[in-house]
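[1] this one's structure only:
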């Protein structure tokens, strides 16, 4: 674990995220999740992580809360200027927006007929995205975009049943099939 | 006008939409808009239009209101089964979903830094979409998808200023540039 090249700091107290990161010997790519509670109560600690991480994941409400801006584009640009090279904004059923210093990428969410429980969708998304990046030849704009779609696809399975039940029942083939379907239903 | 092949029944009393449509000699493609007021007060008249039109445009709240279903996919399938071959669901800043009897298409909205007034966005979207279809070689799944993106792009200009001010100041080249940009920021 201390030799990991790809590090995902899941949503815990930013002080602990700092502590975890210090214990990794030579991190190559660091992503970080957070939430409204830490934005309100540990803002300075969270902010001081920004120049130590490569990617920040927040939902749209958290981005607005952190910046005090209602316009997501302006809010995202403000955060990206503060350090994290990439910001992923999770919008739940409305998809994902990814901002880098130079450009952005917009992806809708996979449309579902049955939604049982959105609990864990954000964590599943992050797992799919970071998992994809850990296998990618390089982490760049193209692989992050593909990773975002894989993350969305994984999350779309997660919400179809309670807990991890649905994820336990799917194979790599199911994921690839839904990824291909997603490509077909977004092509123009 | 009575010889029009492409007909767009903009949002008025469904009784009047029936009357307008009867006056068109040989309509080739008919699209129809509506709103919450007619869904509540002229439901039967609106519903009896469904097998006379090729495309229905509603926003997400209207689709849920009409069907009583919260899940958009189930709601959309229910409407498409009732007649209109295509249903366009406008979700404002969250994009557009298009349903046909066989498949669907999901498009995010163009992300804007400045939004002055959303008034008229839906009508501008419809104008862009139907305008594109009226010039297309054929009206099929592929041209409807492209038309949806052109409609979204036109609407994105419309909301950047009050009234039609922004639309008056743009050229075909501005529209094509934003369409190309949209393609780049949605590609994966």
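    Received it, and whenever you're ready, just let me know what you need. All of these numbers come straight from a predicted model, not from anything done at the bench. Numbering: from 1, shown residues only, chains lettered A, B, ... in the order given.

[2] can we go C-alpha only for contacts and neighbour counts from here?
    Fine.

[3] so the residue lying closest to residue A:8 once chain neighbours are set aside, which of the three states?
    Of all residues not flanking residue A:8 in the chain, residue A:31 sits nearest, at 4.8 Å (C-alpha to C-alpha, 6 or more residues apart in numbering or on different chains). Per DSSP: H, G, I helix; E, B strand; the rest coil, the local secondary structure of residue A:31 is strand.

[4] How about the contacts made by residue A:31?
    By C-alpha atoms under 8 Å, 6 or more residues apart in numbering or on different chains, the contact list for residue A:31 reads A:7-9, A:53-57, A:130.

[5] could those residues be laid out in TSV, adding pLDDT, neighbour count and secondary structure?
    Below are the contacts of residue A:31 laid out as TSV (pLDDT from 0 to 100; neighbours: other C-alpha atoms under 10 Å in any protein chain shown; DSSP: H, G, I helix; E, B strand; the rest coil):
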residue	pLDDT	neighbour count	secondary structure
A:7	97	23	strand
A:8	97	21	strand
A:9	97	18	strand
A:53	98	22	coil
A:54	97	19	coil
A:55	98	23	strand
A:56	98	25	strand
A:57	98	23	strand
A:130	98	23	helix
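
[6] Looking at the residues you listed, spot the one nearest residue B:95.
    Proximity of the contacts of residue A:31 to residue B:95 (C-alpha to C-alpha) peaks at residue A:57, which lies at 21.7 Å.

[7] That closest one and residue B:180, how far apart?
    Using C-alpha to C-alpha, to the nearest Å, one gets 27 Å for the distance from residue A:57 to residue B:180.

[8] what bridges to the residue nearest to residue A:8?
    Note on residue A:31: beta-bridge partners by DSSP bridges are residue A:8, residue A:55.

[9] buried residues in the host helix or strand of residue A:180?
    Using DSSP states H and E, residue A:180 sits in helix A:172-186. For helix A:172-186, burial by neighbour count (16 or more other C-alpha atoms under 10 Å in any protein chain shown) applies to A:175, A:178-179, A:182, A:185-186.

[10] list the helices and strands that helix packs on?
    Packing contacts for helix A:172-186, counted by 3 or more C-alpha pairs under 8 Å, 6 or more residues apart in numbering or on different chains; DSSP states H and E, involve helix A:141-158, strand B:104-107.

[11] Need the contact partners of stretch A:146-165.
    With C-alpha under 8 Å, 6+ apart, stretch A:146-165 has contacts from A:95-96, A:107, A:109-110, A:112, A:114-122, A:124-130, A:132-133, A:166-167, A:175, A:178-179, B:188.

[12] before we move on, what about stretch A:37-47?
    Residues from elsewhere that reach stretch A:37-47 (C-alpha under 8 Å, 6+ apart): A:13-15, A:62, A:65-66.

[13] now with 10 Å?
    A:11-18, A:32, A:34, A:36, A:62-63, A:65-67, A:79, A:82-84 (C-alpha atoms under 10 Å, 6 or more residues apart in numbering or on different chains).

[14] Separate out the buried members of these.
    Using 16+ other C-alpha under 10 Å as the burial test, these include A:11, A:13-14, A:17-18, A:32, A:34, A:36, A:62-63, A:65-67, A:79, A:83-84 as buried.

[15] In a markdown table, list the buried residues of helix A:172-186 along with pLDDT and distance to residue B:24.
    A markdown table is the format used below for those (pLDDT from 0 to 100; distance: C-alpha to C-alpha, whole Å):
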| residue | pLDDT | distance to residue B:24 |
| --- | --- | --- |
| A:175 | 98 | 49 |
| A:178 | 98 | 43 |
| A:179 | 98 | 44 |
| A:182 | 98 | 39 |
| A:185 | 98 | 34 |
| A:186 | 98 | 35 |
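
[16] any idea which of these is the one closest to residue B:74?
    Distance to residue B:74 across these (C-alpha to C-alpha) is lowest for residue A:185, with 16.7 Å.

[17] I figured the closest one hits residue B:103, correct?
    Yes. In this structure residue A:185 lies within contact range of residue B:103 using C-alpha atoms under 10 Å: 7.8 Å.

[18] measure stretch A:135-149 end to end?
    15 Å.

[19] quick check, distance from that stretch to the centre of its chain.
    12 Å (C-alpha atoms, centre = their mean, to the nearest Å).

[20] May I see the buried residues of that stretch?
    Neighbour-count burial for stretch A:135-149, counted by 16+ other C-alpha under 10 Å, picks out A:139, A:141, A:143-149.

[21] One more: stretch A:113-123?
    For stretch A:113-123, by 16+ other C-alpha under 10 Å, it's A:118, A:121-123.

[22] and which of these is nearest chain B?
    For the buried residues of stretch A:113-123, the residue nearest chain B by C-alpha to the nearest C-alpha is residue A:118; the value is 13.8 Å.

[23] what number of residues lie near the closest residue in space to residue A:23 that isn't next to it in sequence?
    Nearest residue to residue A:23, sequence neighbours excluded (C-alpha to C-alpha, 6+ apart): residue A:2, at 6.2 Å. When counting by other C-alpha atoms under 10 Å in any protein chain shown, one arrives at 13 neighbours for residue A:2.

[24] Just the ones of the contacts of stretch A:146-165 in strands?
    Members of the contacts of stretch A:146-165 lying in strands (criterion: DSSP state E): A:96, A:107.

[25] Now intersect the contacts of stretch A:146-165 with the helices, please.
    Within the contacts of stretch A:146-165, residues falling in helices by DSSP state H are A:121-122, A:124-130, A:132-133, A:166-167, A:175, A:178-179.

[26] Which of these sits closest to chain B?
    Using C-alpha to the nearest C-alpha, those come closest to chain B at residue A:179, 11.1 Å.

[27] Okay then, goodbye and thanks.
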